[in-house]
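Trainee: Let me see the structure of the following:
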Amino acid sequence: MQKVIIGTVLAIAMIGMVVSALAVFVATRSIYNTGNVKAVGVGVYWDSGCTDEVLSIDWEALDPGVTKDVTIYVKNEGSVALVLSLMTDNWNPVSASDHITLSWNREYYVLNPESVVGAFLTLSVMSGVSGVTNFSFDIIITGTEHP
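Mentor: Numbers count the residues shown, from 1 in each chain. Coordinates of the predicted model:
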């Protein structure tokens, strides 16, 4: 009986040491950003009624290893079908683009004249990011005439 009690005490003590050791290695760091949005050939809005134009996106504080989604609405304000594309530019600092990526679910989407489509922008921060505490970049959404 005494061996069982001693074994139980030792097991609990070891679990406590492992949990304590793991807690020491956990650290969080937030990265702040605001991105400017430029639209070429299309309108970009916060609402499906296209009344609130997107001029910038405040991604708020982001921790390494996280992904954050933002919903926007893209409107073809022209008279011909457009193929949508997204790119980024003007990263500050430049090295941030090595650790942070922006993607969306509407690349090469054909948007008919006067049509509106919801789009999800996804910003991903690599877990191994270092040397970046604040960053900014331009988001460029383009509509190119569909052939």
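
Trainee: Please count neighbours and contacts with C-alpha atoms only from this point.
Mentor: Will do.

Trainee: Skipping adjacent residues, who's closest to Asn112 in space?
Mentor: Ala81 (4.3 Å; CA to CA, 6 or more residues apart in numbering).

Trainee: what ranges do the helices span in this structure?
Mentor: 2-24 (DSSP state H).

Trainee: what's the burial count for the residue nearest to Asn112?
Mentor: Neighbourhood size, Ala81 [other CA atoms under 10 Å]: 19.

Trainee: quick one, what contacts the closest residue to Trp46 other than its chain neighbours?
Mentor: In space, and not counting its chain neighbours, Trp46 is closest to Ile72: 5.1 Å by CA to CA, 6+ apart. If you count contacts by CA atoms under 8 Å, 6 or more residues apart in numbering, Ile72 has them with Val44, Tyr45, Trp46, Asp47, Val54, Gly118, Ala119, Phe120, Leu121.

Trainee: Give me the pLDDT for Val116.
Mentor: pLDDT for Val116: 97.

Trainee: Please list all residues in contact with it.
Mentor: For Val116, the contacting residues are Ser48, Tyr73, Val74, Lys75, Asn76, by CA under 8 Å, 6+ apart.

Trainee: so the residue nearest to Asn112 sits right up against Ser115, yeah?
Mentor: No - taking contacts as CA atoms under 8 Å, Ala81 lies outside contact range of Ser115: 9.2 Å.

Trainee: top of the contacts of Val116 by neighbour count?
Mentor: Val74 leads the contacts of Val116 on contacts (other CA under 10 Å) with 27 neighbours.

Trainee: State the distance from the residue lying closest to it once chain neighbours are set aside to Ser127.
Mentor: Distances taken as CA to CA, 6+ apart put Val44 closest to Val74, at 4.7 Å, once the chain neighbours are dropped. Distance from Val44 to Ser127, counting by CA to CA, to the nearest Å: 30 Å.
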